[in-house]
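Enquirer: When you get a sec, could you give me coordinates for this:
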Amino acid sequence: MKKIRNIVTMVCALAAAAALWMQAGSAFMKLQAGAEPLDSETEFGQVRGEYISYEAAYPVGVCVEEYYSGDPDRVRTYGYVVYDMERQTFLYIVVPEQYDGRYSSLLYNLQLAVELRAGKDMTPAREEGSLELMDQAAIDHAMVALEESEIVELYNDVKDDKVYSDTYFGDEYGEIMAAVSQEISRGVSQSEWYRIDSGSINGMTIPDIWICILAAGLSALIAVGNLISLFTGGRAKQGGKASDSAGAMERFLDAQRGWVEEWCQYCLARASRSAYLSVAIWVVILVGIGYFAKTPTERIFTFSLPLGLLLGELTGLFIIWVQRGQAKPRKILKRMEKGVRKALPSAGAQEEFAEDFLKAGEEWAFRERKKNSMLYGRLGSRYWSAFFGTGVVTIVEVEKLERVEPETISGSYRSGKVRVSYESYVAKFYYQGTPLWENGDKAFSFETTGGRDAFLALAVKRGVDGVKIREA
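Expert: The predicted structure follows:
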């Protein structure tokens, strides 16, 4: 089952890594190479789809490209129509609302009188992104921005007045704007339009590219880890079996190894299931948020899905890492040994306990395994003991024992704003001279009545002279 789980995980992780790399790998490689400055001799068509750096000096129109979903009063991105003097063509640049200051400043300055414009900063706005061909709907949207351009309107108002025309269009910038406005007034005949989305490469924003690549890399690492586990999982390092000449305590711990390793494997398998579930939950949550927020479908696949996968994988790896730190047989056995030494400080008593435990054998063993716990114990002639999967030890000295009483403990506690109820089933041990109204000297706790009742029946079968055992 473990190998099948590893194979399924490996295949799914490889598929996810491959899909994410196909989606973002090309853009990531361009991002790593850096934006290439666009020289004046290169036509837009020659660098279509490439990651370039462009300097926009003459924005002539602006329009709202996108509003925030569900809020028509909040602008998400603006689209600026920019005139490229070297190529004598128009380019469309899309920038987020919070970063459009440089473009709006240039657009405003180009509408000022020559004397006022002379004291303004006219440094071109530098933009990085991939150059993409626009479809007809996008071109029509850009044409509306040109038709509503305030610069064109200003030119049409003053073109027939020599004084006012020189006032606004009498310098180098004005001459270019006058020529552009005249062309727009006659009707733009440009057949191909290109656009640059700020900080976007081939339709993906830079943060989205990084999310996809990180998710792909983590998926690939998970696949490699499961591949290695396929070849090494069956040869996990095990503790050597105690020899017949070893001390009683060493042989006692060796006898516990079987059920401890079984419990650890169960815990790891449960952690794996939780890890798979965490991936599914994160993906569903992020995709669901994107869907209900009316996020464009392509961005759900480039942002919501990869981010959900990345967060889910990180959560799952954390769950498995924590469980691996706890589910170590050697560590649990060490805690058991420490618990025995604490319960029986005398070295002689420890050896006697270990010998008594080994002599009892599996005939007098009891166990209970539930979702969150594992209990294993044996009823020896001198000691009754119970061990939890966490390494906690409870030892009852039979020679001191007077009676055994079953009890059901229930109650509740507050966890935040929620009250949580609990119930456990206990076998309480009273030593000689301990009144019944007290809480008992020792106790074995079970999660089910069946587990407790099976133990009490085994205790009755074992039988101890003078000890009263009340079955539930």
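Enquirer: where in the stretch 1-150 of the chain is pLDDT low?
Expert: Filtered on pLDDT under 70, the stretch 1-150 of the chain yields the residue ranges 1, 70.
Enquirer: For it, which segments are assigned as helices?
Expert: Assigned by DSSP state H, counting those that start in this stretch, the stretch 1-150 of the chain shows helices spanning 2-33, 101-109, 114-117, 136-147, 150-158.
Enquirer: Figure out which of those is closest to Arg470.
Expert: helix 2-33 (43.6 Å; CB to CB). For every residue, glycine as well, the C-beta is placed using N, CA and C.
Enquirer: helices or strands next to that closest one in the packing?
Expert: strand 51-56, strand 200-201, strand 204-205, helix 206-232, helix 248-292, helix 305-326 (3 or more CB pairs under 8 Å, 6 or more residues apart in numbering; DSSP states H and E).
Enquirer: That helix to helix 248-292, inter-axis angle?
Expert: 50 degrees (axes from the mean of the first three to the mean of the last three CA atoms, to 10 degrees).
Enquirer: what comes up buried for helix 2-33?
Expert: 6, 9-10, 12-14, 16-17, 19-21, 23-24, 27-28, 30-31 (16 or more other CB atoms under 10 Å).
Enquirer: Wait, a strand at Ala457?
Expert: No: assignment of Ala457 by DSSP: H, G, I helix; E, B strand; the rest coil gives helix, placing it outside any strand.
Enquirer: Enumerate every residue touching it.
Expert: Going by CB atoms under 8 Å, 6 or more residues apart in numbering, Ala457 touches Glu471.
Enquirer: Distance of it relative to Lys428?
Expert: 16 Å (CB to CB, to the nearest Å).
Enquirer: picking that back up, the helices of the stretch 1-150 of the chain: which one's closest to Glu471?
Expert: helix 2-33 (40.1 Å).
Enquirer: what about that closest one, distance to the chain center?
Expert: Relative to the mean C-alpha coordinate of its chain, helix 2-33 is positioned 16 Å out (CA atoms, centre = their mean, to the nearest Å).
Enquirer: again, but for stretch 413-424
Expert: 29 Å.
Enquirer: Let the chain start at 757 from now.
Expert: Yes, from this point I'll number from 757; that puts the last item at stretch 1169-1180.
Enquirer: What separation do you get for the residue most central in space within the chain and Ala771?
Expert: Nearest to the mean C-alpha position of the chain, by CA atoms, centre = their mean, lies Leu1067 at 1.1 Å. Counting by CB to CB, the gap from Leu1067 to Ala771 is 19 Å.
Enquirer: Could you tell me which residues make contact with the closest residue to the residue nearest to the centre of the chain other than its chain neighbours?
Expert: Leaving aside its chain neighbours, Leu1067 sits nearest to Trp1038 (4.6 Å; criterion: CB to CB, 6 or more residues apart in numbering). Taking CB under 8 Å, 6+ apart, we find Trp1038 in contact with 1064-1065, 1067-1068, 1071.
Enquirer: Include distance to Asp953 and pLDDT when you put those residues into a markdown table, please.
Expert: As requested, the contacts of Trp1038 are arranged in a markdown table below (distance: CB to CB, whole Å; pLDDT from 0 to 100):
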| residue | distance to Asp953 | pLDDT |
| --- | --- | --- |
| Gly1064 | 24 | 95 |
| Leu1065 | 24 | 95 |
| Leu1067 | 26 | 95 |
| Gly1068 | 29 | 95 |
| Thr1071 | 32 | 95 |
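Enquirer: Any chance of TSV for those residues, columns distance to Asn1195?
Expert: Below are the contacts of Trp1038 laid out as TSV (distance: CB to CB, whole Å):
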residue	distance to Asn1195
Gly1064	50
Leu1065	51
Leu1067	46
Gly1068	46
Thr1071	41
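Enquirer: Closest one of the residues you listed to Phe1143?
Expert: Among the contacts of Trp1038, and counting by CB to CB, the member closest to Phe1143 is Thr1071, at 31.6 Å.
Enquirer: Spit out the contact partners of the closest one.
Expert: 1031, 1034-1035, 1038.
Enquirer: Now the buried members of these.
Expert: Buried among these by 16+ other CB under 10 Å: 1031, 1034-1035, 1038.
Enquirer: Could you identify the most distant pair in those?
Expert: Ala1031 and Trp1038 (11.1 Å).
Enquirer: just to revisit the earlier point, export the contacts of Thr1071 as TSV, with columns for pLDDT and distance to Ile969.
Expert: Output for these, formatted as TSV (pLDDT from 0 to 100; distance: CB to CB, whole Å):
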residue	pLDDT	distance to Ile969
Ala1031	93	22
Ser1034	95	21
Val1035	94	18
Trp1038	95	18
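Enquirer: now, which of those residues sits nearest Asp896?
Expert: Trp1038 (39.8 Å).
Enquirer: quick revisit: my guess is the residue nearest to the centre of the chain contacts Ile1037. True?
Expert: No: counting by CB atoms under 8 Å, Leu1067 does not reach Ile1037; the two are 9.5 Å apart.
Enquirer: can you redo the helices and strands packed on helix 758-789 as a markdown table with distance to Gly1219?
Expert: What follows is the helices and strands packed on helix 758-789, written out as a markdown table (distance: least, CB to CB, whole Å):
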| stretch | distance to Gly1219 |
| --- | --- |
| strand 807-812 | 84 |
| strand 956-957 | 80 |
| strand 960-961 | 75 |
| helix 962-988 | 48 |
| helix 1004-1048 | 24 |
| helix 1061-1082 | 38 |
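Enquirer: which one of those lies closest to Gly1222?
Expert: Per CB to CB, nearest to Gly1222 of the helices and strands packed on helix 758-789: helix 1004-1048, 27.4 Å.
Enquirer: and after the closest one, which helix or strand comes next?
Expert: The helix or strand immediately downstream of helix 1004-1048 is helix 1053-1055, counting by DSSP states H and E.
Enquirer: Assign the residue lying closest to Lys1184 once chain neighbours are set aside to one of the three secondary structure states.
Expert: Of all residues not flanking Lys1184 in the chain, Gly1196 sits nearest, at 3.5 Å (CB to CB, 6+ apart). Three-state call for Gly1196 (three-state DSSP): coil.
Enquirer: now the one 5 residues further on
Expert: Reducing the assignment to helix, strand or coil with three-state DSSP, the entry for Ser1201 is strand.
Enquirer: for it, which residues make a bridge with it?
Expert: Val1182 (DSSP bridges).
Enquirer: Apart from its neighbours in sequence, what residue is nearest Glu1158?
Expert: Gln1188 (4.6 Å).
Enquirer: scratch that, Arg882
Expert: Glu811 (5.4 Å).
Enquirer: from memory that neighbour sits against Glu884, does it?
Expert: No: assessed by CB under 8 Å, Glu811 is found out of contact with Glu884, at 10.6 Å.
Enquirer: Would you mind measuring the gap between the ends of stretch 1045-1055?
Expert: 12 Å (CA to CA, to the nearest Å).
Enquirer: ok, residues contacting that stretch?
Expert: With CB under 8 Å, 6+ apart, stretch 1045-1055 has contacts from 825-826, 959, 964, 1056, 1059-1060.
Enquirer: which of these are buried?
Expert: The buried subset of the contacts of stretch 1045-1055 - by 16+ other CB under 10 Å - is 964, 1056, 1059-1060.
Enquirer: and stretch 882-902, which residues are buried?
Expert: 883-888, 890, 894-895, 897-899, 901-902.
Enquirer: quick one: Tyr1197 and Phe1185 touch, right?
Expert: One correction, residue 1197 is Asp, not Tyr. Yes: between Asp1197 and Phe1185 there is a contact under CB under 8 Å: 5.7 Å.
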